[in-house]
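J.: Got a sequence here, can you model it:
(one chain, ligands or ions: 1)
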Amino acid sequence: MGNTLLTIENVSKVYGKTCVLEPIELSMKKSEIIALCGGNGAGKSTIIKMVTGLTRPTTGSILINNLDWNKNRIEYAKQLGYMPDDFHFQQPLSVVEYLLFYASLKKAEKHVKQTLDIVGLTEKSDQLITKLSKGMRQRLLLAQAIVSKPALVLLDEPTNGLDPHWVDSFTEILLSLKQNGQGILFSTHNLSVAEKVADRVLFLKNGAIKEELNFEKDVPRDLSKFYKEVFI
Ligand SMILES: Nc1ncnc2c1ncn2[C@@H]1O[C@H](COP(=O)(O)OP(=O)(O)OP(=O)(O)O)[C@@H](O)[C@H]1O
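T.: Just a heads-up that it's a prediction; the model follows:
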């Protein structure tokens with residue numbers, strides 16, 4: 001259990017009469033990066049939202065650092081940072097005010113300046129968040145997810161809207177989080193990002209994990225070829 005960060009056991013999700021996620025099992029180590037890939041509606045966001053605690057699983061259990069959301073939500077929440085796939089900023093806050101607010105929830109105000117620097121938003125600190133471009137919004141959402149240096153970083157489609165420079169920087173940011181001992185579970189349609197950073201890639205289809213590639217076991221990193229052969 002010592003090196004285990006996340007344990008997902010027999011977790012499924014049913015909405016009404018529709019099963020959108022078959023029971024899955026996943027054990028993730030500290031410092032591990034896992035990418036969830038698969039077509040639209042495959043179940044990637046559902047998994048991530050269940051790990052955050054925002055959506056409850058229909059069956060099964062999820063533990064982060066051996067903590068159970070059902071038993072201690074506050075300690076559970078402290079373990080994670082979450083970047084949603086879409087978020088519409090409505091509050092009349094500046095970039096730095098927004099990040100300070102989220103940082104204060106986790107007593108991480110001292111990391112705000114450094115985090116704005118990491119995501120390249122220092123110069124935009126005083127800009128209203130409602131006036132940010134899509135890519136800048138994404139970078140602010142990433143900042144919000146990593147500012148408290150959580151043990152587990154959950155990112156839903158983090159590279160959506162990022163320009164090529166920031167896609168590259170994003171991969172570097174993830175690798176530096178890994179170096180810090182943080183684990184990352186993220187969903188992506190960007191197979192080259194998954195290839196570059198992930199230790200493991202899980203391929204989902206119709207609410208089930210169909211394939212898993214473990215790069216630690218020397219699988220060649222050509223996901224687009226693999227994806228075409230298996231999924232199209
Ligand atoms: N609140 C909900 N009520 C009913 N069905 C839902 C709800 N949220 C998601 N679903 C369904 O669950 C399935 C999986 O959705 P999910 O958002 O997890 O897919 P995804 O793999 O993240 O897709 P995408 O790549 O399009 O973001 C879809 O069929 C979706 O319609």
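
J.: So which bits of the chain are right by the ligand?
T.: Contact residues, the chain versus the ligand (Cβ under 6 Å from any ligand atom): 15, 20, 38, 40-46, 187. C-beta: built from backbone N, CA, C; applies to glycine.

J.: ok, now which ones touch Asp126?
T.: Asp126 makes contact with 94-96, according to Cβ atoms under 8 Å, 6 or more residues apart in numbering.

J.: same thing but 6 Å
T.: Taking Cβ atoms under 6 Å, 6 or more residues apart in numbering, we find Asp126 in contact with Ser94.

J.: What distance do you get for it to Leu105?
T.: Asp126 is 22 Å from Leu105, where distance means Cβ to Cβ, to the nearest Å.

J.: go on, Ile129?
T.: Distance, Ile129 to Leu105, using Cβ to Cβ: 16 Å.

J.: higher neighbour count, the two?
T.: Ile129 (21 against 12; other Cβ atoms under 10 Å).

J.: what's the neighbour count on the residue lying closest to the more buried one once chain neighbours are set aside?
T.: Leaving out its chain neighbours, the residue that sits closest to Ile129 by Cβ to Cβ, 6 or more residues apart in numbering is Phe89, at 4.2 Å. Neighbourhood size, Phe89 [other Cβ under 10 Å]: 16.

J.: how near is Phe89 to the ligand?
T.: Per Cβ to the nearest ligand atom, to the nearest Å, Phe89 is found 20 Å from the ligand.

J.: isn't that residue right next to Gln127, touching?
T.: No - Phe89 is beyond contact range of Gln127, at 11.3 Å (criterion: Cβ atoms under 6 Å).

J.: Contacts only, for Ala194.
T.: Contacts of Ala194 by Cβ under 6 Å, 6+ apart are 35, 37, 188, 201, 223.

J.: Next: Val14.
T.: Thr58.

J.: The helix ranked longest in the chain - contacts with which helices or strands?
T.: The residue-count maximum for a helix in the chain (DSSP state H) belongs to helix 164-179. Using 3 or more Cβ pairs under 6 Å, 6 or more residues apart in numbering; DSSP states H and E as the contact test, the elements touching helix 164-179 are helix 191-197.

J.: Residue ranges in this structure under the pLDDT threshold?
T.: For the chain, applying pLDDT under 70 flags the ranges 1, 218-221, 230-232.
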